[in-house]
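1. need the 3D shape of this:
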Amino acid sequence: MNPSNLLVRSPSGEYRLSVQEGRSVREALDATTVRVRAACGGVGSCGACVVRLLGGEANPATLAEYQKLTAEQRGQGLRLSCQLRPRGDVEILVDRPARPSPWKSIPLESLVPLRGGLPALERHVFGVAVDLGTTHIRVALWDRQRGRRIATRQGPNPQGDYGADVLNRLHAAASRPEHAGELARAARSAILRALRDMLARDVGEVSPMLAEIGQLIVVGNTAMLALLTARGGASLLDPVNWQSAIDCRPLDPPAWRLPWRLPNAEIIVADPVAGFVGSDLSAGLLATRLAEGPPGSLLLDVGTNIEIALWDGENLYASSVPGGPAFECVGIRHGMAAEPGAVFRVVRQAGTFACETIGGGPARGFCGSGLVDAIAVLLEAGLLKPSGRFATPPGGAGHALEPGNPRTAITGGDVDALQRAKAAAAAAMAELLALAGLDWRGVKRLCICGAFGHTLDIGHAQQIGLLPAMDAAGVELHANAALAGCEQALLTADGPRLLSELAGRTRLINLSYRPGYEDRYIQCLRLCPIAINH
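-> Numbering: from 1, shown residues only. Predicted coordinates for the structure are as follows:
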């Protein structure tokens, strides 16, 4: 059955969403900025998530709605959004939304279905997986005994107040002890807020449930783990240590239980590989099973810090490059997160450009995949040269893909930022292949990880030289591989050990010591397909 289209009217505007079969309207809204009030875990007992059904086909009122809504209210079209399930296109009014929150549910289509569980577990059966990213934090709550994902959240990393770049944050932490403490508390508090938000809205209880959490696993890039635990950051600032394992484990994990209000939780900060290659890569390797694939399997984890792994049939090689935050559209003139209003796809139509946005409303800016598309179509149209220069300079405001909407403008600075990021990624992949005695023709499998990859147009990414021109059947998109690997570790009796073993097996390659990397980087700067025979 095709997803239903949901038109949401609210005081903040109109939104168009896609609702998968069997999903409630409340679940769909929780992934947006228009959340309804909720406090019962979606069973209808709190009666807080009231919306008005304006039109369309949906399920009849449920027993919970008969108990919480009067006959007059039901006659006026009022429904509990947690009980309302579209059976076709539906239009609703949310006239009393919940207070704005930075925490949103991760869309179901962006999550990896997982199997497993620990049926023998008898006490403290709940677990929490955390992917601590530079820009965003993603958290999942699980019933480990039954192998059931209860809820997810994603939101901004508040450490961004100290700078989008990880080095800025590390320098801030090293400059003053109080800054190090502030950065650590900011990340820890954000994780707790996400967890409490899930418990309040998706379970209906907070304090009793916190006591039932038996394990919390954190993965992330090395800098984020160092800032979280206030350990290892000074080592990262010295290039001498960039080939070495960095100890980011908290000195006293039990002491974390008090501020996190997790009296019975085993708190695990998964060991990074080495240098700036973190445990988020190990989690991605676990989720994609890269080392179980054919020789010539590549993993590209696209985020503020770009991490690459290669399996040659015998060895796991890994590296990272500071691609900058361009793929997450931080620092882009009209860049934004992948949320309603973000352009995620651009196509050429009869000499014009059509921008498709998340939610279907007017374009408010570009997320990463939309930026890749925009530059690819400008290149196709001859408005951009392979050098990255505009054929005709558009002026400081940039070139608007939709002439009446300045939020669809691409500037020369935007193009330059993406060129540098994609060149760093492509050159790093090529260098690892060369180290293993392979070339682009030997790539059999390519896993694109990170939220950026979920809506990526493979053809456009190949056209600008971000990805090799290989058969699309060999390219896999894993939107939340690091979180999925962390979740898998929760559902496995020896999950933390598996992450540590993968980190130990991985050989870190410092590209600054590879004489060919700079030349490859310069070659990859042009907006053109990768030369497969090189």
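
2. give me the mean pLDDT for stretch 297-311.
-> For stretch 297-311, mean pLDDT is 91.

3. check the offset of that stretch from the chain's centre.
-> Relative to the centre of its chain, stretch 297-311 is centred 14 Å away, using Cα atoms, centre = their mean, to the nearest Å.

4. gap between the helix or strand harbouring residue 258 and the chain center?
-> Under the criterion of DSSP states H and E, residue 258 resides in helix 253-260. Its chain's C-alpha centre and that of helix 253-260 lie 27 Å apart, by Cα atoms, centre = their mean.

5. so which elements touch it?
-> helix 177-198, strand 266-269 (3 or more Cβ pairs under 8 Å, 6 or more residues apart in numbering; DSSP states H and E). Any C-beta I mention is one placed from the backbone N, CA and C, and that applies to glycine too.

6. CA atoms only for stretch 220-234, dumped as CSV, please.
-> Taking Å, rounded to 0.1, in the frame of the first residue of the first chain, the C-alpha atoms of stretch 220-234 are listed here in CSV:
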residue,chain,number,x,y,z
GLY,A,220,30.9,9.0,18.1
ASN,A,221,33.9,10.6,16.4
THR,A,222,36.9,10.7,18.6
ALA,A,223,36.7,14.5,19.3
MET,A,224,33.1,14.3,20.4
LEU,A,225,33.9,11.4,22.8
ALA,A,226,36.9,13.3,24.2
LEU,A,227,34.7,16.3,24.8
LEU,A,228,31.9,14.2,26.4
THR,A,229,34.3,12.5,28.9
ALA,A,230,36.8,15.4,29.2
ARG,A,231,39.5,12.9,28.4
GLY,A,232,41.8,12.6,25.3
GLY,A,233,41.2,16.1,23.9
ALA,A,234,44.7,17.3,24.5
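
7. quick one: average confidence on it?
-> The predicted model assigns stretch 220-234 a mean pLDDT of 91.

8. quick revisit: nearest to residue 377 among the helices and strands packed on helix 253-260 would be which one?
-> helix 177-198 (36.3 Å; Cβ to Cβ).

9. so which helix or strand takes in the nearest residue in space to residue 232 that is not next to it in sequence?
-> Here the nearest residue to residue 232 in space, its sequence neighbours aside, is residue 226; by Cβ to Cβ, 6 or more residues apart in numbering that works out to 3.9 Å. Using DSSP H and E, residue 226 sits within helix 222-229.

10. so which elements touch that helix?
-> By 3+ Cβ pairs under 8 Å, 6+ apart, helix 222-229 packs against strand 126-132, helix 166-175, helix 177-198, strand 213-220, helix 233-236, strand 266-269.

11. before we move on, the earlier item: so what's the residue nearest to residue 232 up against?
-> Residues in contact with residue 226 (Cβ atoms under 8 Å, 6 or more residues apart in numbering) are 170, 173, 232, 233, 235, 236, 246, 248.

12. look up how far residue 170 lies from it.
-> 7 Å (Cβ to Cβ, to the nearest Å).

13. quick one, what contacts residue 526?
-> With Cβ under 8 Å, 6+ apart, residue 526 has these contacts: 386, 387, 388, 465.

14. do that again at 10 Å, thanks
-> Residues near residue 526 by Cβ atoms under 10 Å, 6 or more residues apart in numbering: 385, 386, 387, 388, 419, 423, 464, 465.

15. and these as JSON lines, adding distance to residue 87 and neighbour count?
-> Below are the contacts of residue 526 laid out as JSON lines (distance: Cβ to Cβ, whole Å; neighbours: other Cβ atoms under 10 Å):
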{"residue": "385", "distance to residue 87": "51", "neighbour count": "14"}
{"residue": "386", "distance to residue 87": "50", "neighbour count": "12"}
{"residue": "387", "distance to residue 87": "53", "neighbour count": "12"}
{"residue": "388", "distance to residue 87": "49", "neighbour count": "18"}
{"residue": "419", "distance to residue 87": "47", "neighbour count": "21"}
{"residue": "423", "distance to residue 87": "48", "neighbour count": "22"}
{"residue": "464", "distance to residue 87": "41", "neighbour count": "25"}
{"residue": "465", "distance to residue 87": "45", "neighbour count": "23"}
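
16. tell me the one among the residues you listed nearest to residue 256.
-> residue 423 (40.1 Å).

17. ok, now how distant is the spatially closest residue to that closest one that is not a sequence neighbour from residue 419?
-> Leaving out its chain neighbours, the residue that sits closest to residue 423 by Cβ to Cβ, 6+ apart is residue 524, at 4.0 Å. Residue 524 sits 9 Å away from residue 419, going by Cβ to Cβ.

18. residues contacting the spatially most central residue of the chain?
-> Residue closest to the mean C-alpha point of the chain, counted by Cα atoms, centre = their mean, is residue 451 at 3.5 Å. By Cβ under 10 Å, 6+ apart, the contact set of residue 451 is 106, 110, 131, 133, 135-136, 138, 154, 302-303, 327-328, 337-338, 367-369, 479-480, 482-483.

19. could you rerun that using 8 Å?
-> By Cβ under 8 Å, 6+ apart, the neighbours of residue 451 are 110, 136, 303, 328, 338, 368, 479, 480.

20. now, the contacts of residue 526 that are in helices?
-> 419, 423 (DSSP state H).

21. quick one: which two of the contacts of residue 526 are the most distant?
-> Most distant of the contacts of residue 526, by Cβ to Cβ, are 385 and 423, 15.7 Å apart.

22. please enumerate the strands of the stretch 201-350 of the chain.
-> 213-220, 266-269, 297-301, 306-311, 316-321, 342-349 (DSSP state E, counting those that start in this stretch).

23. so for the second one, what's the average pLDDT?
-> It refers to strand 266-269. Strand 266-269 comes out with an average pLDDT of 94.

24. give me the sheet partners of it and which way each runs.
-> Applying DSSP bridges to the sheet, strand 266-269 is found paired with strand 213-220 (parallel).

25. ditto for the fifth one
-> Paired neighbours of strand 316-321 in the sheet (DSSP bridges): strand 306-311 (antiparallel), strand 506-508 (parallel).

26. so which of these is the most packed in?
-> With neighbours defined by mean count of other Cβ atoms under 10 Å, none of the strands paired with strand 316-321 is more surrounded on average than strand 306-311, at a mean of 27.

27. next, the angle strand 297-301 makes with that strand.
-> Counting by axes from the mean of the first three to the mean of the last three Cα atoms, to 10 degrees, strand 306-311 points 170 degrees away from the direction of strand 297-301.

28. residues contacting strand 306-311, please?
-> With Cβ under 8 Å, 6+ apart as the contact definition, strand 306-311 has outside contacts at 221, 277-278, 280-281, 284-285, 290-291, 293, 295-301, 316-323, 327, 421, 424-425, 428-429, 432-433, 436, 438, 506.

29. on that earlier part again, of the contacts of residue 451, which is the most crowded?
-> Tallying neighbours with other Cβ atoms under 10 Å puts residue 368 at the head of those, with 31 neighbours.

30. for the residue nearest to it when sequence neighbours are not counted, give me its contacts.
-> Leaving aside its chain neighbours, residue 368 sits nearest to residue 452 (4.0 Å; criterion: Cβ to Cβ, 6+ apart). Neighbouring residues of residue 452 by Cβ under 8 Å, 6+ apart: 302, 303, 327, 328, 367, 368, 369.
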